[in-house]
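1. sequence first, then the predicted structure, then my questions.
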Amino acid sequence: MTVIDGTLKLDPEEARRVRQERLERVGRWLLPLAIMILAIWLWDRICVWNEIPQYILPRPGVVLQTLYNDAGLLFSSLLVTLRITFLSLALAVIGGVGLSVLFAQSKWVEMSFFPFAIVLQVTPIVAIFPLINIYVNNQTTKLLLCAWIVAFFPILSNTTLGLNSVDRNLRDLFKLNGATRWQQLRYLRLPAAMPYFLGGLKIAGGLSLIGAVVAEFVAGATGQSSGLASRIIEAGYRLNAPRLFAALFLISLTGILIFLVLSLISHLILRRWHESALKQER
Amino acid sequence: MIGEKVARAPASDVAPTLLALRGVGKVFSNGVTALSNVDLTIREGDFLSLLGPSGCGKSTALRLIAGLSTPTSGVLDWRGGGSLDRANIGFVFQEPTLLPWASVFDNVWLPLRLKGVSRGKAAPAITQMLARVHLTGFENAVPRELSGGMKMRVSIARAMVTKPRVLLMDEPFAALDEITRFKLNNDLLELWQDERFTVVFVTHSVFESVFLSNRVVVMAARPGRVFDELAIEAAYPRDEAFRTSPDYAALCRQASDVLVNAINSTAGPHHDGH
């Protein structure tokens, strides 16, 4: 590796490239932020210029104020939604990885059961929910089941793909060294599937939130839920647009946070060896 | 220093037979005959190269010897009966074939780990092996941080850490640049002379096979078969001086002629030249 010390003179093209890179680094954060601020300002202006009543489109300041005023109500609802989201995500990880490991043991098992997973995945959850509503009594179980059905598939399909994408030579190497099935799974197939699993996890994180919110929506129609989605429905009925927006804001924020946390976990695990996590050297 | 080593005579006919292939053939399920009626004797301490054009079945032969594949006809006779324990075979692939998530140390540990040897117990053997392939100080690096040549050194260390009796190498240096290849050739020979294991080395390079081996088995394609065998009787240790010597050049020419004949023997409707 060449060490470039500070006194080394860069030729103009190289200097331009370094400048460009620095600019891009700043721009990556600054540009979206600027656009966001501009959009919020525009939203505020539109409300003022057109004299739009608060129950149709509240000004951003009012939404923020509502977020503060209704904090107790909204955050306790957020906790309910978060609980369902994370429980279903955890179950999706256990179920998805467990099933894919089972599938990896035998082509026959995979061939037999994978189609069922696909059926479960492609059927809209809203259409299944009335059935769940009939068969399952417990409210939490209902929501959990709903969110799980939505979230487990990306983990299952990605991990299955990863477990089956092991380098042929590495498989031969394990065979040559008399590795048992368990050793091959533990030392070769599971680590090799890790990047695929983490990709699936990132998708599943967002989906479990969506699953939880959708389940609440459907359940909320019967007035049984207390999550953020039911706050939205409730606020809609009462023409309380500021609270509706505040709840919506919290859901988006949660989604973004889940994505960021999962991305960070993925980066920390893969940064040393996987192509996806490596910086390109030029 | 290589020069201080006692010259070792090429394994002669008196060395005991390690493995005999008798009438070995391999037909793939798609009907392609990869190997036909191969007779080959590998003696203890041989450095034997399988040299031939692509499609001559040299890699298939190596996989049969490794037990990764079974012959459709003929027998592999290990020391006159019974099969050699897999623990006694080291295999080096054309690609380094390392675990990308594991450190150099853990990659070399792998064969021992699979046999239930703990990290601590395996450490002395691993450290010693890494020193033998000149990788001391790189224990904690992961494969992507290494150059192609260094990755191949890790691969060799991993194959040798169990002290196998036979080292099977499938065009291990084909993807490396010439300077790196020469260096690895020298280091491999040094290792071989010190540890006295048997090597079966698959290559399509005349120069590499002549430099390394005491026996070059030339193979021909369609069907894959043994065409001829050359004894390379130059003394070991062979070093850079040997690489530029007239003897070496003459031996290479001889091997090259045999190879050309082997390629031409594959005449007929399947020939590439048509």
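-> Looks like it came in fine.

2. which of the three states applies to residue B:201?
-> Under DSSP: H, G, I helix; E, B strand; the rest coil, residue B:201 falls in the strand class.

3. ok, it - contacts?
-> Listed by CB atoms under 8 Å, 6 or more residues apart in numbering or on different chains, the contact set of residue B:201 reads B:47-50, B:169, B:172, B:209, B:212-213. Where C-beta positions appear, they are placed from N, C-alpha and C, glycine not excepted.

4. and if we set it to 10 Å?
-> Taking CB atoms under 10 Å, 6 or more residues apart in numbering or on different chains, we find residue B:201 in contact with B:46-51, B:58, B:62, B:92, B:167-173, B:188, B:192, B:208-209, B:212-213, B:216.

5. do you know how far the residue nearest to residue B:140 when sequence neighbours are not counted is from residue A:65?
-> Computed as CB to CB, 6 or more residues apart in numbering or on different chains, the closest residue to residue B:140 that is not its neighbour in sequence is residue B:103, at 5.1 Å. Here the criterion is CB to CB, to the nearest Å. By it, residue B:103 lies 55 Å from residue A:65.

6. what residues does whichever helix or strand residue A:121 is part of touch?
-> If you go by DSSP states H and E, residue A:121 is part of helix A:107-122. Under the contact criterion CB under 10 Å, 6+ apart, helix A:107-122 has outside partners A:95-96, A:99-100, A:102-104, A:106, A:128, A:148-150, A:152-154, A:156-157, A:160, A:163-164.

7. give me the buried subset of those residues.
-> The neighbour count (16 or more other CB atoms under 10 Å in any protein chain shown) marks A:95-96, A:99-100, A:103-104, A:128, A:148-150, A:152-154, A:156-157, A:160, A:163-164 as buried among the contacts of helix A:107-122.

8. model confidence for the residue nearest to residue B:140, exactly?
-> With respect to pLDDT, residue B:103 has a value of 95.

9. any low-confidence regions in the chain?
-> Reading this off chain A. Scanning chain A for pLDDT under 70 picks out the ranges A:1-9, A:220-225, A:278-282.

10. actually it's chain B I care about, not the one you picked
-> Within chain B, the stretches with pLDDT under 70 are B:1-14, B:80-87, B:267-274.

11. same thing but at 50, please
-> Within chain B, the stretches with pLDDT under 50 are B:1-9, B:11, B:268-274.

12. let's check: the centremost residue of it is which one?
-> Nearest to the mean C-alpha position of chain B, by CA atoms, centre = their mean, lies residue B:201 at 2.3 Å.

13. neighbour count winner among residue B:103 and residue A:65?
-> Just comparing residue B:103 and residue A:65: by other CB atoms under 10 Å in any protein chain shown the higher neighbour count belongs to residue B:103, 20 against 14.

14. residue B:109 is in contact with the more buried one, correct?
-> Yes - here residue B:103 lies in contact with residue B:109, judged by CB atoms under 10 Å, at a distance of 9.0 Å.

15. quick check: neighbours shared by these two?
-> Residues touching both residue B:103 and residue B:109 by CB under 10 Å, 6+ apart: none at all.

16. quick one, strands of chain B?
-> Using DSSP state E, the strands of chain B run over residues B:17-27, B:33-43, B:47-51, B:73-78, B:89-92, B:166-170, B:198-203, B:215-220, B:225-231.

17. TSV please, covering these and showing distance to residue B:157.
-> Shown next, in TSV, are these (distance: least, CB to CB, whole Å):
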stretch	distance to residue B:157
strand B:17-27	23
strand B:33-43	23
strand B:47-51	19
strand B:73-78	25
strand B:89-92	10
strand B:166-170	12
strand B:198-203	15
strand B:215-220	25
strand B:225-231	30
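
18. and the closest residue to residue B:20 other than its chain neighbours, what does it touch?
-> Nearest non-adjacent residue to residue B:20, counting by CB to CB, 6+ apart: residue B:77, 4.3 Å away. With contact taken as CB under 10 Å, 6+ apart, residue B:77 is in contact with B:17-22, B:24, B:41, B:83.

19. most widely separated two among those?
-> B:41 and B:83 (16.5 Å; CB to CB).

20. neighbour count winner among these two?
-> residue B:41 (17 against 12).

21. that one reaches residue B:24, doesn't it?
-> No - Residue B:41 is beyond contact range of residue B:24, at 11.8 Å (criterion: CB under 10 Å).

22. neighbours of residue A:10, how many?
-> A count of nearby residues for residue A:10, using other CB under 10 Å, gives 11.

23. for the residue nearest to it when sequence neighbours are not counted, give its distance to chain B.
-> Residue nearest to residue A:10 in three dimensions, not counting chain neighbours: residue A:18, with 6.9 Å by CB to CB, 6+ apart. In this structure, residue A:18 and chain B are 24 Å apart, going by CB to the nearest CB, to the nearest Å.

24. could you look up the SS state of residue A:18?
-> The three-state assignment at residue A:18 reads helix, by three-state DSSP.

25. in the stretch 101-250 of chain B, which spans are helices?
-> Secondary structure of the stretch 101-250 of chain B (DSSP state H, counting those that start in this stretch): helices at B:104-114, B:119-132, B:148-160, B:178-195, B:206-212, B:240-243, B:246-264.

26. which positions in the stretch 151-282 of chain A make contact with chain B?
-> Neighbours of chain B within the stretch 151-282 of chain A, by CB under 10 Å from any CB of the partner chain: A:167-180, A:183-184, A:187-188, A:191-192, A:194-195, A:269-270, A:272-275, A:278.

27. hang on, isn't residue B:148 packed against residue B:172?
-> No - contact criterion CB under 10 Å: residue B:148 and residue B:172 do not qualify, at 11.1 Å.

28. count of residues packed around residue A:196?
-> By other CB under 10 Å, the residues close to residue A:196 number 20.
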